[in-house]
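Novice: Provided below are the primary sequence and the corresponding predicted coordinates.
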Amino acid sequence: MILDEVNAMPPEFLKRLNRILQLRPGDTLNVQENAGRPVQIAKGFAILATANEQTPHRYRGLDRLSAELVNRFGANSYRVHYPDTGRDYTEFPVENALLAAASVVDRRGELPPSITVSELQRVSRAAFISQQVFAGAHGEGFDTFVSTEREIDGRPGLEESVLAPRTLVAVLQKVAGSAGTVSLERALTRFVEGVMHREDRRVLALILEGQGFRLSR
């Protein structure tokens, strides 16, 4: 069972979850909401949970997980970073590029006619930069996208929006599946236009235009 964003779930659910996490294969759980129906934990049953880190400027409505609940997962807790984490802003983002290419190439490994190799490389770099700025990963080039006020406050350059891996894939697949009716620049323009946070829109446009994309205003 996969529980996405577990720390956004209601406290009463987490309390019940804590009990379930104590069970082992062969144990029985009586489901109160179903007249106490017994459910036996099968061999191989596992619970995977994801959670966003609590920060003062994003991910509203999150509850801090109790130490008891966190301990139920034991040592099986992992922090997942964006692709290419640790690379300098000037380096080529290999992992983002591989993900971008894999999402649109055909069985022969060829790109669709609507996306050029140059566009794929540039959008991969733009995605990488946005991810590092969103994560607050300081490094050479970081201050290009972050105002002095935010840097002093320790805030990231992007507060709510980012060209995350799944967004990168969605944009590219939309272009690839449009039969040439939607250009990559147009798809990226729509992505930026859909961002509600005004400062985030400005920073994302700055990142994309820095990679040679001409966004229509």
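Specialist: Everything's here; your move. Numbers count the residues shown, from 1 in each chain.
Novice: could you use CA atoms for every contact and neighbour count after this?
Specialist: Will do.
Novice: tell me which residue is most central in this protein.
Specialist: residue 164 (4.8 Å; C-alpha atoms, centre = their mean).
Novice: in a helix, residue 175, correct?
Specialist: Yes: the assignment for residue 175 by DSSP: H, G, I helix; E, B strand; the rest coil puts it in a helix.
Novice: ok, it to residue 44 distance?
Specialist: Computed as C-alpha to C-alpha, to the nearest Å, the residue 175 to residue 44 distance reads 41 Å.
Novice: domain map for the chain?
Specialist: In terms of domains, the chain is parsed into 2-72, 94-210 (source: automatic domain parsing).
Novice: ranking the ones you listed by mean pLDDT, which is last?
Specialist: For these, mean pLDDT drops lowest on domain 2-72, to a mean of 83.
Novice: how long is that domain from one end to the other?
Specialist: Per C-alpha to C-alpha, domain 2-72 runs 15 Å from first to last residue.
Novice: list the buried residues for the longest helix along the chain?
Specialist: Secondary structure of the chain per DSSP state H: the longest helix is helix 117-135. Judged by neighbour count (16 or more other C-alpha atoms under 10 Å), helix 117-135 contains these buried residues: 119-135.
Novice: need phi/psi at the residue lying farthest from the centre of the chain.
Specialist: Using C-alpha atoms, centre = their mean, the residue of the chain lying farthest from its centre is residue 35. It sits 39.3 Å away. Dihedral pair for residue 35: phi 60, psi 30, per degrees, to the nearest 10.
Novice: against residue 29, how distant is it?
Specialist: 12 Å.
Novice: does residue 18 sit in a helix or strand, and which one?
Specialist: Using DSSP states H and E, the element containing residue 18 is helix 11-20.
Novice: buried sites along that helix?
Specialist: Applying 16+ other C-alpha under 10 Å to helix 11-20 flags 14, 18, 20 as buried.
Novice: how about a markdown table for those, with distance to residue 184 added?
Specialist: Below are those laid out as a markdown table (distance: C-alpha to C-alpha, whole Å):
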| residue | distance to residue 184 |
| --- | --- |
| 14 | 42 |
| 18 | 46 |
| 20 | 46 |
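Novice: just give me the closest of those to residue 1.
Specialist: Of all these, residue 20 has the smallest distance to residue 1: 11.9 Å, by C-alpha to C-alpha.
Novice: and the closest residue to the closest one other than its chain neighbours, which of the three is it?
Specialist: Of all residues not flanking residue 20 in the chain, residue 29 sits nearest, at 7.6 Å (C-alpha to C-alpha, 6 or more residues apart in numbering). Under three-state DSSP, residue 29 falls in the strand class.
Novice: residue contacts, residue 29?
Specialist: Residue 29 sits next to 20, 38-41 when contact means C-alpha atoms under 8 Å, 6 or more residues apart in numbering.
Novice: likewise residue 173?
Specialist: 103-104.
Novice: on that earlier part again, buried subset of the contacts of residue 29?
Specialist: 20, 41.
Novice: of the contacts of residue 29, which belong to strands?
Specialist: 38-40 (DSSP state E).
Novice: so what's residue 192 closest to, chain neighbours aside?
Specialist: Nearest to residue 192 is residue 201, by C-alpha to C-alpha, 6+ apart, at 5.8 Å.
Novice: ok, that neighbour - how many residues close by?
Specialist: 20 (other C-alpha atoms under 10 Å).
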